[in-house]
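**Q** for reference, the sequence and a predicted model appear below.
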Amino acid sequence: MAEQWTLPRDAPVAVLGAGLMGHAIAAIFASQGYAVTCVEPDDEARRSLDARMHEVLSQLNAVTPVAQAVTVVEHVSQLDRFTPLVIEAAPELLALKQNLLREVAETCPTAVIATNSSVYRVSDVGALVEDRSRVLGTHWWNPPHLMPLVEVIQGAESNPTVVKGMITLLASLGKTPVHVKKDTPGFIGNRLQHAMWREAMALVQEGICDVEAVDVVARNTLGLRLSAIGPIENADYVGLDLTMSIHEYVFPALSTAQEPLEVLQDAVRHGKLGAKTGSGLLCWSEGRREETKRRIDERLKVLLALQ
């Protein structure tokens, strides 16, 4: 393989899954002139794909005619054998992802295969692929067309030239790629995020505050500051001696739970799964989920405009 893997601008790209993440990833590539094939077995998802991609493209101020740029098929076996890049964006089920990557590797024997898993290690997702040197992770954050960052995860067997080339490719799409050098569960972002979620739930479980208070504090302190200064820079900014003193005092009080906290397990046991069931740790009245999505999208647009 060359010093750096490259994807020609006129090369075909395949996206496995046209759901929450896949349709937007496909739209991003289509907006940059790539011929995209979406693999989607669900009839309703295929029927609604055009409209959902048009919505994404309108937010990107792109005028690419989706119908001409994107082909939709039902199965991996329908992909062009010489497709050079396949991005897996299937539901977060390990066995499903493993089998999809195995099928892709057999159907497209020279393709670079990128999994969009948000937590699974590349080595786990690609376990059934014989040549894992062409498998890596590209964790796009939701919504992909608005969130600039993509984590590029280098698996233990990933070819470094492929990783380097993917970083260059994502930058050419206007993204902010970050190299995750060690294949670890959750990568960078979700390790940070779920450490915070664990502590948030521990605060509730220990009766320190109610669920609303946790979110109010997070949104009006950390949330306001994090877009301007990251945790390491902030530690340096206030002084590492102060940081160490705080850690010595606070760390013993923090949760070190190695399994989901009881407050979470109890909610799941009772079918309270959050927005999709109408209740979770919070109450989700009709329309609240849609309003939350709108609020997130609008806030992201404002923050991105300030960068």
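**A** Looks like it came in fine.
**Q** just confirm residue 192 is within a helix.
**A** Yes - assigned with DSSP: H, G, I helix; E, B strand; the rest coil, residue 192 falls within a helix.
**Q** what's the burial count for the nearest residue to it once chain neighbours are set aside?
**A** Counting by CB to CB, 6 or more residues apart in numbering, residue 231 is the residue found nearest to residue 192 once chain neighbours are left out, at 7.5 Å. (C-beta placed from N, C-alpha, C; glycine too.) Neighbourhood size, residue 231 [other CB atoms under 10 Å]: 12.
**Q** which ones are touching the closest residue in space to residue 211 that isn't next to it in sequence?
**A** Spatially, and ignoring its direct neighbours in sequence, residue 211 is nearest to residue 281 (4.9 Å; CB to CB, 6+ apart). Counting by CB atoms under 8 Å, 6 or more residues apart in numbering, residue 281 touches 201, 204, 211, 263-264, 267, 272, 274.
**Q** what about residue 281, distance to residue 203?
**A** Using CB to CB, to the nearest Å, one obtains 12 Å as the distance from residue 281 to residue 203.
**Q** quick one, what contacts residue 71?
**A** Contacts were defined as CB under 8 Å, 6+ apart; by that measure residue 71 touches 35-38.
**Q** and the helix or strand where it lies, what's buried?
**A** In the assignment (DSSP states H and E), residue 71 maps to strand 70-73. By neighbour count with 16 or more other CB atoms under 10 Å, strand 70-73 contains the buried residues 70-72.
**Q** what ranges do the strands span in the chain?
**A** Per DSSP state E, the chain carries strands over the ranges 12-16, 35-39, 70-73, 85-88, 112-115, 135-140, 149-153, 176-180.
**Q** okay, the ones you listed in a markdown table with distance to residue 288 and mean pLDDT next?
**A** Formatted as a markdown table, the entries for the strands of the chain read as follows, by distance: least, CB to CB, whole Å; pLDDT from 0 to 100:
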| stretch | distance to residue 288 | mean pLDDT |
| --- | --- | --- |
| strand 12-16 | 30 | 96 |
| strand 35-39 | 30 | 95 |
| strand 70-73 | 32 | 92 |
| strand 85-88 | 31 | 98 |
| strand 112-115 | 32 | 98 |
| strand 135-140 | 25 | 98 |
| strand 149-153 | 27 | 98 |
| strand 176-180 | 30 | 98 |
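**Q** take those and write them to CSV, including distance to residue 58.
**A** Output for the strands of the chain, formatted as CSV (distance: least, CB to CB, whole Å):
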stretch, distance to residue 58
strand 12-16, 19
strand 35-39, 17
strand 70-73, 15
strand 85-88, 22
strand 112-115, 26
strand 135-140, 19
strand 149-153, 22
strand 176-180, 22
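**Q** returning to that earlier point: adjacent strands (with direction) for the strand holding residue 71?
**A** strand 35-39 (parallel) (DSSP bridges).
**Q** sorry, back to before: what distance separates the strand holding residue 71 from the centre of its chain?
**A** Centre-to-centre, strand 70-73 and its host chain are 22 Å apart (CA atoms, centre = their mean, to the nearest Å).
**Q** for it, output the C-alpha coordinates as CSV.
**A** This file holds the C-alpha atoms of strand 70-73, laid out as CSV (Å, rounded to 0.1, in the frame of the first residue of the first chain):
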residue,chain,number,x,y,z
VAL,A,70,-27.2,8.3,-4.0
THR,A,71,-28.2,4.7,-4.9
VAL,A,72,-30.1,2.6,-2.3
VAL,A,73,-29.8,-1.2,-2.2
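**Q** closest to residue 187 out of the buried residues of strand 70-73?
**A** residue 70 (28.2 Å; CB to CB).
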